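S.K.: Here is my input, please return the structure:
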Amino acid sequence: MISTRNQLLDEIIQVKPQNFKEVALKVFRFQAKHNAIYNHFLKILNIQPEKIEDLDDIPFLPIQFFKKLSIKTGEWSPEVIFTSSGTTGQTPSQHFVRDINWYNSITQKGFEEHYGNVEDFCFLALLPSYLERSGSSLIQMVDFFIKKSKYAESGFFLYNHDELIKRLDILKKKNIPTVLIGVSFALWDLAERFSSDYNKITIMETGGMKGKRKEITRPELHAILNDAFNTTTIHSEYGMTELLSQAYSKGNGIFEPTSTMDLIIKEVTDPFTTQKMGKAGVVNIIDLANIDSCGFIATEDLGRKINDKQFEILGRVDAGDMRGCNLMVLE
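M.R.: Model prediction:
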């Protein structure tokens, strides 16, 4: 198993679009054999892994399993456990991570595929809800980027908006490439307090009001931020506790996954039927980086693929409409 895993790690980090399917099928068969939970899940569905030849035919593990079970491929002790924030009364998800350096390398690779070298950017993080708890994968990623950056001005901010604005103004004057990454409600708060010209700053929202403000659509939020900061586009990052890979949008909520990630959209009421291109459905994610947990996850997000490289997130699926695999969560 160890030699197979090491070989897969090499193939995953070097994966290209032309061999994504081949590597994904190898990961599927590896996890079907060595992941006890996924193996049992496949047996319930009467799936014979060796007969799966197409990515559309791979069963995706309901994301709710991460709230109830230890999803691990093989036997090992986690170096870190990522946890979701959740809401009051809800059970948080837990993602057991075997090697934090693997996660760091995946996040760096993904960012650089879309933006360029991490070290060449200054990172300012406005992520108060994440900083105020432990176990956030987003904090781990951004902290790694901050430490990799060659700019001493990089750093985290809680609610000290005045200091953040001063830092942004300094970076703007120095013409330093800067990414301001923030949770949606915090960027909205900032936009209400300050208005300035940050058209050369990359403003990236990570989604989520976290119960701090009323929910609004992504276009509404981006319009508010563009108006306050004199920008034309707001960038977005799409990730979650249960994933190690991310997707990025450079505007208009159109996302592109990183090389280790792909999406398959399934019909809302039938988790085994792939939705047609352009049609909305349940977002199912292939995350090759999840080699040590599960790389095939059925989320509770509603989305659609625009083409083979781009997708939109349209909201959340009404849990009452989901059938099939998700019924097994209750069992």
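
S.K.: the strands in the stretch 101-250 of the chain, which residues?
M.R.: Along the stretch 101-250 of the chain, counting by DSSP state E, counting those that start in this stretch, strands occupy 122-126, 155-157, 178-182, 202-205, 235-238, 247-249.

S.K.: Now the residue nearest the centre of the chain. Nearest residue, chain neighbours left out?
M.R.: By Cα atoms, centre = their mean, the chain has its centre lying nearest to residue 239, at 1.2 Å. Taking Cβ to Cβ, 6 or more residues apart in numbering as the measure, residue 239 lies nearest to residue 246, with 4.1 Å between them; neighbours along the chain are not counted. For every residue, glycine as well, the C-beta is placed using N, CA and C.

S.K.: so what's the one you found up against?
M.R.: Taking Cβ atoms under 8 Å, 6 or more residues apart in numbering as the definition of contact, the neighbours of residue 246 are 107, 110, 111, 141, 237, 238, 239, 257, 258, 261.

S.K.: if we can go back for a sec, so the residue nearest to the centre of the chain sits right up against residue 139, yeah?
M.R.: No. Under the contact definition of Cβ atoms under 8 Å, residue 239 does not touch residue 139, with a separation of 11.8 Å.

S.K.: element containing residue 8?
M.R.: helix 2-13 (DSSP states H and E).

S.K.: got the contacts of residue 246 as a markdown table, with pLDDT and distance to residue 219 columns?
M.R.: Written out in a markdown table, the entries for the contacts of residue 246 read as follows (pLDDT from 0 to 100; distance: Cβ to Cβ, whole Å):
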| residue | pLDDT | distance to residue 219 |
| --- | --- | --- |
| 107 | 98 | 27 |
| 110 | 98 | 25 |
| 111 | 98 | 24 |
| 141 | 97 | 26 |
| 237 | 97 | 17 |
| 238 | 97 | 16 |
| 239 | 95 | 20 |
| 257 | 98 | 21 |
| 258 | 98 | 24 |
| 261 | 98 | 24 |
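
S.K.: Give the buried residues for the helix holding residue 8.
M.R.: 5, 8, 9, 11, 12 (16 or more other Cβ atoms under 10 Å).

S.K.: out of the residues you listed, who's nearest residue 175?
M.R.: Using Cβ to Cβ, residue 12 is the member of those that lies nearest residue 175, at 36.9 Å.

S.K.: Mind listing residues that contact stretch 194-207?
M.R.: The contact list for stretch 194-207 (Cβ under 8 Å, 6+ apart) reads 115, 121, 127, 138, 161, 165, 168-169, 171-172, 175, 177-184, 187, 218, 221-222, 225, 228-232, 234-239, 248.

S.K.: Need the pLDDT of the closest residue to residue 103 other than its chain neighbours.
M.R.: In this structure, residue 103 finds its nearest non-sequential neighbour in residue 244, 5.3 Å apart by Cβ to Cβ, 6+ apart. Reading off the per-residue confidence, residue 244 sits at a pLDDT of 98.

S.K.: Fine by me, thanks again.
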